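Peer 1: sequence and predicted structure are below.
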Amino acid sequence: MKHSLAQDLGQCALPSALEMMGERWSFLILRGAMGGLRHFEEFQSVLGIARNILANRLTRLVENGIMARQPMQCDRRKVEYRLTEKGLELAPVMVALRQWGERWGCGPQFCQVLADSRDRQPIRRMTIQSHDGRDLAVEDLVWLCPDGAKPVVQESAAA
């Protein structure tokens, strides 16, 4: 049984995921971590974020398993923040959101281009892809219910 994307709004993981991430500063902290920032002072200096807000967001990201707080090997009194596997899996989301912003003029006109480190070429635009690699449009998507489950709203016979 299949039903439309709009019919699944009440049964979606998106609200919980957004709640876990927080807001703008959390995404900017993740961007910094993906770019190699590890220490509280680095995040504060590069992002220009207030200490209390940074502390709050880092705590939330650690509590949600997106980042890990670890003592430094060279000085156990200092800590560093590293992305967990859960945090690293946000990279495609971050890239897609950035590309959307670049396309629709949400940022500076001329900014750094994200490229493949091996051959220094810009990466492709993020897309939704099928199991065999075809690009899909929103119209190409349907929700399939797990075996035996009924959709929240049945697809109409006219559809």
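Peer 2: Looks like it came in fine. Numbering: from 1, shown residues only.

Peer 1: from here on, just use CA atoms for contacts and neighbour counts.
Peer 2: Will do.

Peer 1: for residue 18, give me the backbone phi and psi.
Peer 2: Phi and psi for residue 18, reported as degrees, to the nearest 10, are phi -70, psi -40.

Peer 1: count the neighbours of it for me.
Peer 2: Using other Cα atoms under 10 Å, residue 18 has 10 neighbouring residues.

Peer 1: who are the neighbours in contact with residue 21?
Peer 2: 27, 61 (Cα atoms under 8 Å, 6 or more residues apart in numbering).

Peer 1: now do it against residue 147, distance only.
Peer 2: Counting by Cα to Cα, to the nearest Å, the separation of residue 21 from residue 147 is 31 Å.

Peer 1: what do you get for residue 81?
Peer 2: Residue 81 is 41 Å from residue 147, by Cα to Cα.

Peer 1: the more surrounded of those two?
Peer 2: Ranked by neighbour count (other Cα under 10 Å), residue 81 and residue 147 place residue 81 first, with 20 against 7.

Peer 1: does that one sit in a helix, a strand or a coil?
Peer 2: Recorded secondary structure, residue 81: strand (DSSP: H, G, I helix; E, B strand; the rest coil).

Peer 1: quick check: beta-bridge partners of it?
Peer 2: Beta bridges link residue 81 to residue 69, judged by DSSP bridges.

Peer 1: what sits against it?
Peer 2: 33, 38, 39, 40, 67, 68, 69, 70.

Peer 1: pull out the buried positions in the helix or strand the first one falls within.
Peer 2: What that stands for is residue 33. Here residue 33 sits within helix 24-34, counting by DSSP states H and E. If you call a residue buried by 16 or more other Cα atoms under 10 Å, then helix 24-34 has these buried ones: 25, 26, 29, 30, 31, 32, 33, 34.

Peer 1: for the helix or strand following that helix, give the mean pLDDT please.
Peer 2: Downstream of helix 24-34, the first helix or strand assigned by DSSP H and E is helix 40-47. Regarding helix 40-47, the rounded mean pLDDT is 95.
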